[in-house]
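Engineer: This is the structure alone, sequence omitted:
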DNA sequence: GAGAAAAATGGCAGCGCTACCATTTTTCTG
DNA sequence: CAGAAAAATGGTAGCGCTGCCATTTTTCTC
């Protein structure tokens, strides 16, 4: 059987609707009987055009179902309406909130987010940053302050404003909006010590990937040491990322080893809720038998039968303010949004 | 005081790093002493180039910190490595999972997602679709089958492959990957009726915005009616979107009116968990006094002291398979990914 | 109503890259 | 080693739009 050579015009995907190539600005101009630049002015609402031609052009554009090509527009104007966003994960409850705050601002300003997910992997993050920068965004938002050397270099030298989110403990590249995790850790320790707890355990997840959880533990430890008290024991859930299940498993293992703990500090609310469920199920009375403390101030942690003791950060506001700063483009600076200790009922 | 006219070169944002305009492919070509097309071939790894020149070019590119301009590349090649994604919300636990599945596939194929969030508003969705189409993506993923007429028209006529996610109950535009919500509603009713529950209430959130929740209720009602049993009473939480709190409030109100219910069907797991917490707090014994049933099969719903009775859908797989189909570009078709009833311990 | 100012409009050169073709160089063949 | 085939390379016309400038038209002003 002979091999049939397919003519090139049949290899392109079949396009529904009978159009010979897509409608361009030139088509609209011809149809409206005006010059291209006039059409461009009308569509961007920029420059002066008489009411009559404006209507003529709008009519022609609508009739042709014209959709402007922003790729071409961006290339020509050398300024894009794209903003790059690199986040460590989407599953996480925290990131979507920041994203929501940022997105609201970006959308109002006509910007479109281009998103990359690093899965807490710095190497992947580096690749994503490079890839996103190749879209020549007007700004770049990344989570955290820790990046590979090459990633930092790219972000410094690309001529694009960069905003680092969610953390202020460290050296920023350009603009930084977040809160102190070390400080949150210290505040957590102070809170538990202040309530008289002395035999405190820790349940966390993989520190290598989640640097910020590591910083919290750091701060926590530091304050404990300053009070000459040690963390009795700790358990790291093997789970990738944070999860309720990790908390359940972690607390079970920890309590199996140490039955004399009076409080447990969790690396975040997800784990803490898992721990809380474990206690509910096993008749461990909270906070009398055992106190629990988390981090994040998730909605659900406030709605459990006993609200969780935790620390809340203004995540939506971080996203919002971060995006505003990025678009406004002022001088490089660090904004510490602070945090709030939520006493709850589990400590 | 005289007005100082600022020379144009000082009105551009100050760029860190001393570069006179950004490095372009032409710079790399000059530095490597070769033609532009050769550089392009090397950088895209496409076409034949000798080892010697390849190395020369790569070296030059690295030395100049060259970052390709994909905007220009896309315009020239008329095919982009962008995929548009329109989602109803980010806060929702469901969407991130689908996103994660899709993103994994997209990234492996070198695509970058451009995301828009509609907040369950069809008008906003329409605007987002238009906006995203103007970036000339290679594909478009949208949540759900319900769109404004103009949105449908744009998606049909734009020559871009479209994938509708999360639902199969209705007419699709091009490709569809999801599961039946009406079917899930029916299965939920069958399950509860099969276990002998007869006095069933419903707690849901705003149906107008979340069409899929409405479809589930529809299917649920239908099966109930076929069995000559009516939903005793219902409560719609006024909350925007789904939330644990809405469930708590809803169940409280419903039980205040009707103390004789033996089961409650929730529009989703978030609400159901809220309901569950309410029961825990008020000493309502589950499932003896009252049975609970949700929808989604969230991780957390499986880890409460009593696992929630619910329905799970393969969301990550939906995202993954959807993205694969979109990139592969086969014929238009509908893939029903089905669902699974999780008996749990709350019914 | 002439002359000036302001508003409206069109023309066209790029933006940085890729696709295509032409040309040069290298590698095969017998 | 000539001649052909294959590999390597360069030149260049756009992709669709915007920014700038030149030109035309309208609106003031006295």
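Structural biologist: Ah, there it is. A quick note: this is a predicted structure, and the numbers were derived from the prediction, not measured. Numbering: from 1, shown residues only, chains lettered A, B, ... in the order given.
Engineer: what's the span of stretch A:142-155, first residue to last?
Structural biologist: Terminal residues of stretch A:142-155 are spaced 10 Å apart (Cα to Cα, to the nearest Å).
Engineer: Can you check the pLDDT for residue A:76?
Structural biologist: Residue A:76 is assigned 97 on the pLDDT scale.
Engineer: what about it, helix or strand, and which?
Structural biologist: Element membership of residue A:76 [criterion: DSSP states H and E] is helix A:70-77.
Engineer: Do any residues in that helix lie close to chain B?
Structural biologist: Yes. Helix A:70-77 reaches chain B (Cβ under 8 Å from any Cβ of the partner chain) through A:70, A:71, A:72, A:74, A:75. Where C-beta positions appear, they are placed from N, C-alpha and C, glycine not excepted.
Engineer: Narrow these to those that are buried.
Structural biologist: A:70, A:71, A:72, A:74, A:75 (16 or more other Cβ atoms under 10 Å in any protein chain shown).
Engineer: Let me know the closest of the residues of helix A:70-77 next to chain B to DNA strand D.
Structural biologist: Set against DNA strand D, the nearest of the residues of helix A:70-77 next to chain B by Cβ to the nearest atom of the strand is residue A:72 (3.3 Å).
Engineer: Could you restrict the buried ones among the residues of helix A:70-77 next to chain B to the ones contacting DNA strand C?
Structural biologist: Contacts with DNA strand C within those, counted by Cβ under 7 Å from any atom of the strand: A:72, A:75.
Engineer: Tell me which two of the buried ones among the residues of helix A:70-77 next to chain B sit farthest apart.
Structural biologist: Pairwise distances among those were taken by Cβ to Cβ; the largest, 9.4 Å, belongs to A:70 and A:75.
Engineer: give me phi/psi at residue A:201?
Structural biologist: Note on residue A:201: its backbone torsions stand at phi -110, psi 170 [degrees, to the nearest 10].
Engineer: Residue A:233 is in contact with that one, correct?
Structural biologist: Yes. Under the criterion of Cβ atoms under 8 Å, residue A:201 makes contact with residue A:233 at 5.1 Å.
Engineer: got any residues that touch both of those two?
Structural biologist: Residues touching both residue A:201 and residue A:233 by Cβ atoms under 8 Å, 6 or more residues apart in numbering or on different chains: A:254, A:258, A:261.
Engineer: DNA strand D contacts on the stretch 51-200 of chain A?
Structural biologist: Going by Cβ under 7 Å from any atom of the strand, the residues of the stretch 51-200 of chain A near DNA strand D are A:68, A:69, A:72, A:73, A:75, A:76, A:77, A:79.
Engineer: could you flag which of these are buried?
Structural biologist: For those, a burial check counting by 16+ other Cβ under 10 Å picks out A:68, A:69, A:72, A:73, A:75.
Engineer: Checking the first one next. Helix, strand or coil?
Structural biologist: For residue A:68, the reduced secondary structure class is coil; criterion used: DSSP: H, G, I helix; E, B strand; the rest coil.
Engineer: who are the neighbours in contact with the closest residue to it other than its chain neighbours?
Structural biologist: Using Cβ to Cβ, 6 or more residues apart in numbering or on different chains and skipping the chain neighbours, the partner closest in space to residue A:68 is residue B:134 (5.2 Å). Counting by Cβ under 8 Å, 6+ apart, residue B:134 makes contact with A:67, A:68, A:69, A:70.
Engineer: pretty sure the third one contacts residue A:24?
Structural biologist: Spelled out, it's residue A:69. Yes. If you go by Cβ under 8 Å, residue A:69 and residue A:24 touch, sitting 7.1 Å apart.
Engineer: where exactly do the helices run in chain A?
Structural biologist: In chain A, the helices defined using DSSP state H lie at A:25-32, A:36-44, A:51-63, A:70-77, A:94-108, A:122-133, A:149-157, A:181-194, A:211-226, A:244-257, A:269-281, A:299-303, A:315-328.
Engineer: I'd like to know which elements the fifth one is packed against.
Structural biologist: When contacts are defined as 3 or more Cβ pairs under 8 Å, 6 or more residues apart in numbering or on different chains; DSSP states H and E, helix A:94-108 sits against strand A:82-87, strand A:112-117, strand A:139-143, helix A:315-328, strand B:112-117.
Engineer: Could I get the buried residue list for the longest one?
Structural biologist: When you say that, I think you mean helix A:315-328. For helix A:315-328, burial by neighbour count (16+ other Cβ under 10 Å) applies to A:315, A:316, A:318, A:319, A:320, A:321, A:322, A:323, A:324, A:325, A:326, A:327.
Engineer: What pLDDT is listed against the first one?
Structural biologist: The one in question is residue A:315. In this model, residue A:315 carries a pLDDT of 96.
Engineer: show me what contacts the closest residue to it other than its chain neighbours?
Structural biologist: Leaving aside its sequence neighbours, residue A:315 sits nearest to residue A:97 (Cβ to Cβ, 6+ apart; 4.1 Å). Applying Cβ under 8 Å, 6+ apart to residue A:97 gives the contacts A:315, A:316, A:319, B:90, B:91.
Engineer: and the gap between residue A:97 and residue A:270?
Structural biologist: According to Cβ to Cβ, to the nearest Å, residue A:97 and residue A:270 sit 14 Å apart.
Engineer: which parts of the stretch 151-300 of chain A sit against chain B?
Structural biologist: So the stretch 151-300 of chain A meets chain B at A:153-154, A:156-159, A:161, A:243-245, A:248, A:273-274, A:277, A:280-281, A:299-300 (Cβ under 8 Å from any Cβ).
Engineer: where in the stretch 201-347 of chain A is pLDDT low?
Structural biologist: Applying pLDDT under 70 to the stretch 201-347 of chain A picks out residues A:239-242.
Engineer: what does it put close to DNA strand C?
Structural biologist: Residues of the stretch 201-347 of chain A lying near DNA strand C (Cβ under 7 Å from any atom of the strand): none found.
Engineer: hang on, the earlier thing: quick check, nearest of the contacts of residue B:134 to residue A:229?
Structural biologist: Distances from residue A:229 to these, taken by Cβ to Cβ, are shortest for residue A:70, at 58.6 Å.
Engineer: Not counting sequence-adjacent ones, nearest residue to that closest one?
Structural biologist: Once flanking residues are discounted, residue A:70 sits nearest to residue B:134: 4.4 Å by Cβ to Cβ, 6+ apart.
Engineer: what distance separates the helix holding residue A:76 from the centre of its chain?
Structural biologist: In terms of Cα atoms, centre = their mean, to the nearest Å, the centre of helix A:70-77 is found 28 Å from the chain centre.
Engineer: Export the buried residues of helix A:315-328 to JSON lines and append columns for distance to residue A:190.
Structural biologist: Shown next, in JSON lines, are the buried residues of helix A:315-328 (distance: Cβ to Cβ, whole Å):
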{"residue": "A:315", "distance to residue A:190": "23"}
{"residue": "A:316", "distance to residue A:190": "26"}
{"residue": "A:318", "distance to residue A:190": "23"}
{"residue": "A:319", "distance to residue A:190": "28"}
{"residue": "A:320", "distance to residue A:190": "29"}
{"residue": "A:321", "distance to residue A:190": "27"}
{"residue": "A:322", "distance to residue A:190": "28"}
{"residue": "A:323", "distance to residue A:190": "33"}
{"residue": "A:324", "distance to residue A:190": "32"}
{"residue": "A:325", "distance to residue A:190": "31"}
{"residue": "A:326", "distance to residue A:190": "34"}
{"residue": "A:327", "distance to residue A:190": "37"}
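Engineer: per-residue pLDDT, the residue nearest to residue A:68?
Structural biologist: pLDDT, residue B:134: 97.
Engineer: how much space is there between residue A:213 and DNA strand D?
Structural biologist: Counting by Cβ to the nearest atom of the strand, to the nearest Å, the gap from residue A:213 to DNA strand D is 44 Å.
Engineer: got the contact list for the residue nearest to that residue when sequence neighbours are not counted?
Structural biologist: Closest residue to residue A:213 apart from its sequence neighbours, by Cβ to Cβ, 6+ apart: residue A:267 at 4.3 Å. Counting by Cβ under 8 Å, 6+ apart, residue A:267 touches A:202, A:203, A:204, A:205, A:210, A:213, A:216, A:217, A:242, A:295.
Engineer: Pairing partners for the third one in the sheet, please.
Structural biologist: Right, the one you point to is residue A:204. Here residue A:204 sits in beta bridges with residue A:236, going by DSSP bridges.
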